[in-house]
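K.L.:
what would the 3D arrangement of this be:
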Amino acid sequence: MKPLEGKIALVTGASRGAGRGIAIELAQAGATVYLTGRSTKHKSINNWPGTIDDTASKITSDGGNAIAVRCDHTKDVETEAVIDKIRQEQGKLDILVNNVWGAHDLGVEAKPFWQLSLKNWETMFTAGVRAQLATNYFAVPLLRKSEQALIIHTTFWDDNKYTGQFYYDLAKQALIRMSYGLSIELKPENIAVIAVSPGFMRTELVLQYHASDEENWQEAEDLSRTETPHYVGKGVAALAGDPTRLEKTGRVFRSADLAKMYQFTDIDGRFIPPFTL
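P.N.:
Numbers count the residues shown, from 1 in each chain. Alright, predicted model coming up:
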């Protein structure tokens with residue numbers, strides 16, 4: 001029996017990148033995975049590679065269970081509708097992975113704060129921090145239906161070093177603090193809340209930027225320290241299957257920390273050390 005057989009998961013922002021990798025790994029571990037994102041087979045945001053339908057097709061072709069639901073998590077009515085759909089179809093939610101993030105729409109510029117557009121607030125806080133908070137808001141009542149639920153927030157953390165981009169740094173730290181606060185409030189409900197920090201991932205957009213692909217990325221020196229999105233996905237799946245995960249609530253773990261803890265490697269068989277700035 002697969003470790004997550006019978007578990008219901010929701011992964012937000014699952015069209016590409018970390019969300020896609022996490023969704024695939026949760027499904028391979030046996031979970032039924034609901035996927036949300038704005039990109040569908042009918043309309044891809046900014047013509048970027050990857051859609052929620054692509055992710056769902058990959059999961060089902062591998063023998064897993066996936067349900068793609070288009071959702072813009074900046075719109076509370078759409079977020080609430082996703083949770084209502086899961087409630088009606090499953091009656092519970094065991095795993096929530098808050099991965100939705102809007103900063104790709106604007107990009108991350110390493111400029112001083114006073115030279116950055118205030119649009120960074122909308123992309124990183126409204127479409128990032130608030131979108132994850134709102135998903136928690138609507139999902140917690142359903143997570144209480146699980147015997148031992150798990151909330152994951154994907155973020156970036158490098159031992160509290162400053163990332164060099166004010167809004168990005170502030171938003172990622174806010175997600176870590178959100179996880180910590182929720183962990184205290186939800187521990188009596190038997191719900192663990194953990195922040196997970198991927199390293200430098202070879203996402204679809206990163207590979208596109210470097211004019212590379214998964215077969216030839218070694219030729220690009222800038223990608224030498226990268227990991228696949230499956231690396232963090234394996235870490236999240238391991239946490240979800242860990243019966244002692246409530247002991248880890250409130251903490252932040254890097255992908256490499258989880259790989260060492262649960263003894264797994266990336267899909268190419270490598271152990272990738274923690275990414276540092």
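K.L.:
now stretch 256-263: mean pLDDT?
P.N.:
What stretch 256-263 shows for mean pLDDT is 98.
K.L.:
other residues contacting it?
P.N.:
Stretch 256-263 is contacted by residues 196, 199, 231-232, 234-236, 238-239, 242, 253, 264-266, 271-275 when judged by CB atoms under 8 Å, 6 or more residues apart in numbering. Glycine gets a C-beta too; all of them are placed from N, C-alpha and C.
K.L.:
among the residues you listed, which are in helices?
P.N.:
231-232, 234-236, 238-239 (DSSP state H).
K.L.:
about what we covered before: filter the contacts of stretch 256-263 to the buried ones?
P.N.:
When those are checked for burial by 16 or more other CB atoms under 10 Å, the buried set is 196, 199, 231-232, 234-236, 238-239, 242, 253, 264, 266, 272, 274-275.
K.L.:
pretty sure residue 151 belongs to a strand, no?
P.N.:
Yes. Assessed with DSSP: H, G, I helix; E, B strand; the rest coil, residue 151 lies in a strand.
K.L.:
tell me which stretches of this structure form helices.
P.N.:
Assigned by DSSP H, the helices in the chain fall at 17-28, 52-61, 76-90, 119-121, 130-143, 166-186, 204-209, 229-240, 255-262.
K.L.:
what's in contact with the fifth one?
P.N.:
Looking back up the chat, that one is helix 130-143. Residues contacting helix 130-143 (CB under 8 Å, 6+ apart): 10, 12, 73-74, 76, 79-80, 82-83, 86-87, 92-94, 96, 98, 100-102, 149, 151, 153, 175, 178, 182, 186, 189, 191.
K.L.:
thinking again about what came up before, tell me which two in the buried ones among the contacts of stretch 256-263 are the farthest apart.
P.N.:
Greatest spatial distance in these: 242 and 275, 22.8 Å, computed using CB to CB.
K.L.:
what sits against residue 219?
P.N.:
Counting by CB under 8 Å, 6+ apart, residue 219 has contacts residue 212.
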